[in-house]
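Undergrad: Starting from these lines, generate the structure:
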Amino acid sequence: MDEPKDRLASKSTATNIGKKLTTINPTTEEVLNEYEIISREQVNDIVKQSRNAFLEWKKDIDKRSDFLYAFAKELRKSKEILAKTATLEMGKAIKESRSEVEKCAWAIEYFADHGKIFATEEIVNTDARKSIITFEPIGVVGSIMPWNFPYWQGLRFAAPSLMVGNTIVLKPASATMQCGIEIEKTFDKAGLPQGVFQTLVGDSSSAETLIDSNDISAVTFTGSVPIGAKVAERATAKLKKTVLELGGSDPFVVCEDADIEKASTGAVKGRFINCGQSCIASKRFIVVKKIADEFTEKFVQKTEKLKVGDPLADDTDIGPLVNAKSLENIEGIVNRTLKEGAELLTGGERTRNKGYFYRPTIFENVLPSMEIAQEEVFGPVAPIIIANDEKEAITIANDSKFGLGASIWTQDLDKAETLSSMIESGIVTVNSVVVSDPRVPFGGVKSSGFGRELSRYGMLEFVNIKSIRFYDQLIYEHHVE
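TA: The predicted structure is shown next:
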């Protein structure tokens with residue numbers, strides 16, 4: 001794939017400067033790379049290549065499976081390079097970057113293993129001699145992805161979509177452009193046919209051109225609610241299927257019979273993964289009054305043991321926020337929360353002289369009406385909200401415009417089943433934190449978006465579900481369409 005490699009070559013990275021794009025290392029605040037932003041014509045040419053590649057790629061699912069296995073193997077071979085690239089670009093702790101690459105390889109292999117079964121035609125009984133439902137690839141899918149999990153969020157969609165026979169054009173976030181480039185390079189190493197998976201080196205106007213292209217059949221987007229709404233409006237105006245994953249403010253409900261030791265450990269993991277920059281991070285800690293003091297004490301103690309520092313060090317738990325704007329946003333939220341009357345228990349300040357570092361922060365005496373409990377807080381800040389009982393806890397949990405994930409902590413599984421059915425979200429996890437898994441659907445309700453990724457349901461988002469019926473003779477009794 002000589003042409004794509006030339007196209008992706010960086011000159012020096014994500015602030016737009018004229019026709020160039022620059023990325024900054026959030027640990028050192030130094031420039032990492034600078035890229036030429038491709039033109040509108042180049043975007044359309046790339047999409048055209050994907051449309052041409054689709055005509056052959058869709059024909060043989062067994063060959064597609066072989067390519068995915070080869071890609072997973074290349075991911076693991078390149079794990080250290082890929083992990084370091086992500087850590088340098090967005091500040092993720094290196095141990096988390098390695099885990100992200102491993103999870104991508106697992107998901108790729110999962111769909112290589114099961115994709116053929118997921119896409120198998122179904123036979124149904126009707127008045128026809130034979131009736132079948134087939135699942136045919138939809139075409140070229142435009143993918144607009146964020147920076148916080150630059151490999152996983154691109155590939156958790158790509159794995160099932162490629163396996164079912166679609167081709168993909170990825171527009172990565174500007175902050176993690178090199179990660180997007182490395183994905184295509186890794187596909188190249190695995191021998192993927194030219195045009196099947198391509199990465200755009202572009203900005204927001206490039207994304208608009210991608211959506212508008214006549215050769216794009218569908219669009220998938222992960223990011224903020226305002227941008228997601230604009231993507232959906234633009235895509236659906238051209239009658240293109242869209243899947244949106246727009247983040248959340250996930251409740252973490254601790255019942256009075258919860259195992260407090262496990263729940264407090266889960267709270268640290270759920271809130272502070274990736275420096276709190278995760279759509280399915282636990283963001284609102286709703287604790288029943290009877291056990292609130294014990295939970296809070298353990299949560300604070302364990303949080304204060306986290307090591308904030310150089311994300312390339314193996315013993316670092318939390319690296320910097322992705323950029324200066326994110327750091328300023330977190331500082332603003334913390335200051336406004338204090339003014340609203342919440343009590344700071346730990347953290348609440350920058351750390352280190354250079355880089356976008358912020359100490360893990362916990363508040364108590366937070367009211368459900370406060371900004372910190374209503375908006376998605378994308379950083380290492382945890383609000384604790386006290387509920388009088390479990391019924392009130394669920395009411396507070398549902399008092400949100402978001403509905404992505406939720407976790408419930410109780411030792412009574414019958415109670416857990418009842419409470420899970422009451423939660424307004426796309427994902428509920430009992431006695432563990434919410435994580436995405438290729439074996440189950442991923443997605444939310446309300447302002448968290450629509451559609452699903454992962455599992456068979458994620459694969460079927462981007463197919464033509466075609467019904468075919470075979471009759472021996474014309475049926476005359478039909479009087480309506």
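Undergrad: OK, contacts around residue 273?
TA: By C-beta atoms under 8 Å, 6 or more residues apart in numbering, the residues touching residue 273 are 96, 281, 433. The way it works is simple: take the backbone N, C-alpha and C, and place the C-beta from them, glycine included.
Undergrad: remind me which residues of the protein are low pLDDT?
TA: By pLDDT under 70, the weakly predicted segments of the chain are 1-18.
Undergrad: Quick check, central residue of it?
TA: By C-alpha atoms, centre = their mean, the chain has its centre lying nearest to residue 153, at 4.3 Å.
Undergrad: A helix includes that one, no?
TA: Yes: counting by DSSP: H, G, I helix; E, B strand; the rest coil, residue 153 is found in a helix.
Undergrad: Select from the contacts of residue 273 the one having the most neighbours.
TA: Neighbour counts for the contacts of residue 273 peak at residue 281, which has 30 neighbours (criterion: other C-beta atoms under 10 Å).
Undergrad: Against residue 265, how distant is that one?
TA: Distance of residue 281 to residue 265, computed by C-beta to C-beta, to the nearest Å: 15 Å.
Undergrad: cool, residue 149 as well?
TA: In terms of C-beta to C-beta, residue 149 sits 22 Å off from residue 265.
Undergrad: if we can go back for a sec, closest to residue 381 out of the contacts of residue 273?
TA: Relative to residue 381, the closest of the contacts of residue 273 is residue 281; by C-beta to C-beta it sits at 10.4 Å.
Undergrad: Walk me through the domains of this structure.
TA: 2-246+448-467, 250-430 (automatic domain parsing).
Undergrad: can you put these in a markdown table and add distance to residue 476?
TA: Converted to a markdown table, these look like this (distance: least, C-beta to C-beta, whole Å):
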| stretch | distance to residue 476 |
| --- | --- |
| domain 2-246+448-467 | 12 |
| domain 250-430 | 46 |
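Undergrad: So for residue 149 and residue 265, which sits in the more crowded spot?
TA: Neighbours were counted for residue 149 and for residue 265 using other C-beta under 10 Å; residue 149 has more, 27 against 15.
Undergrad: one step back: of all the domains of the chain, which one is nearest residue 480?
TA: domain 2-246+448-467 (14.8 Å).
Undergrad: before we move on, back to that, which ones among the contacts of residue 273 are found in helices?
TA: residue 96 (DSSP state H).
Undergrad: how about JSON lines for the contacts of residue 273, with distance to residue 367 added?
TA: JSON lines is the format used below for the contacts of residue 273 (distance: C-beta to C-beta, whole Å):
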{"residue": "96", "distance to residue 367": "32"}
{"residue": "281", "distance to residue 367": "21"}
{"residue": "433", "distance to residue 367": "24"}
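Undergrad: before we move on, back to that, I figured the residue nearest to the centre of the chain hits residue 222, correct?
TA: Yes: between residue 153 and residue 222 there is a contact under C-beta atoms under 8 Å: 5.3 Å.
Undergrad: residues bridging contact with those two, i.e. touching both?
TA: What both residue 153 and residue 222 touch, as defined by C-beta under 8 Å, 6+ apart, is the set 145, 146.
Undergrad: before we move on, back to that, what's the closest of the domains of the chain to residue 474?
TA: The nearest among these, by C-beta to C-beta, is domain 2-246+448-467 at 11.7 Å.
Undergrad: mind checking how far the closest one is from the chain centre?
TA: 12 Å (C-alpha atoms, centre = their mean, to the nearest Å).
Undergrad: SS state for residue 185?
TA: helix.
Undergrad: And residue 311, by the same measure?
TA: Going by three-state DSSP: residue 311 is coil.
Undergrad: who's in contact with the nearest residue to it once chain neighbours are set aside?
TA: Computed as C-beta to C-beta, 6 or more residues apart in numbering, the closest residue to residue 311 that is not its neighbour in sequence is residue 319, at 3.1 Å. Residue 319 is in contact with 26, 27, 87, 91, 92, 93, 275, 308, 309, 310, 311, 357, counting by C-beta under 8 Å, 6+ apart.
Undergrad: Now for the last one: which residues touch it?
TA: Under the criterion of C-beta under 8 Å, 6+ apart, the contact partners of residue 357 comprise 308, 319, 320, 321, 327, 350, 351.
Undergrad: Tell me the buried residues in stretch 414-424?
TA: 416, 419, 420, 423, 424 (16 or more other C-beta atoms under 10 Å).
Undergrad: And the residue nearest to the first one when sequence neighbours are not counted, how close does it get to residue 405?
TA: Meaning residue 416. Distances taken as C-beta to C-beta, 6+ apart put residue 430 closest to residue 416, at 4.4 Å, once the chain neighbours are dropped. Distance, residue 430 to residue 405, using C-beta to C-beta: 12 Å.
Undergrad: between the two, who's got more neighbours?
TA: residue 405 (31 against 16).
Undergrad: The more buried one: what's it in contact with?
TA: 248, 250, 280, 425, 426, 427, 428, 429, 434, 444.
Undergrad: Quickly note the distance from the last one to residue 167.
TA: With distances defined as C-beta to C-beta, the gap from residue 444 to residue 167 amounts to 27 Å.
Undergrad: Which one of these two is surrounded by more residues?
TA: Shown here are residue 444 and residue 167; by other C-beta under 10 Å, residue 167 has more neighbours (29 against 26).
Undergrad: Residue 195 is in contact with that one, correct?
TA: Yes: the pair residue 167 / residue 195 is scored as a contact, 6.5 Å apart, by C-beta under 8 Å.
Undergrad: shared neighbours, these two?
TA: If you check residue 167 and residue 195 against C-beta under 8 Å, 6+ apart, the residues they both contact are 50, 53, 54.
Undergrad: Chain neighbours aside, what residue packs nearest to residue 291?
TA: Using C-beta to C-beta, 6+ apart, the nearest residue to residue 291 is residue 256, at 5.4 Å.
Undergrad: Any idea how many residues pack against the one you found?
TA: 15.
Undergrad: which ones are touching it?
TA: Contacts of residue 256 by C-beta under 8 Å, 6+ apart are 288, 290, 291, 389, 390.
Undergrad: What's the separation between it and residue 429?
TA: For residue 256 relative to residue 429 (C-beta to C-beta), the value is 19 Å.
Undergrad: With residue 187 instead?
TA: The value you get for residue 187 to residue 429, if C-beta to C-beta is used, is 32 Å.
Undergrad: Looking at the two now, which is surrounded by more residues?
TA: Neighbour count, other C-beta under 10 Å: between residue 187 and residue 429, residue 187 has more, with 26 against 23.
Undergrad: Does the more buried one touch residue 196 like I think?
TA: Yes: between residue 187 and residue 196 there is a contact at 7.3 Å, judged by C-beta under 8 Å.
Undergrad: Having no further points to raise, I will conclude here.
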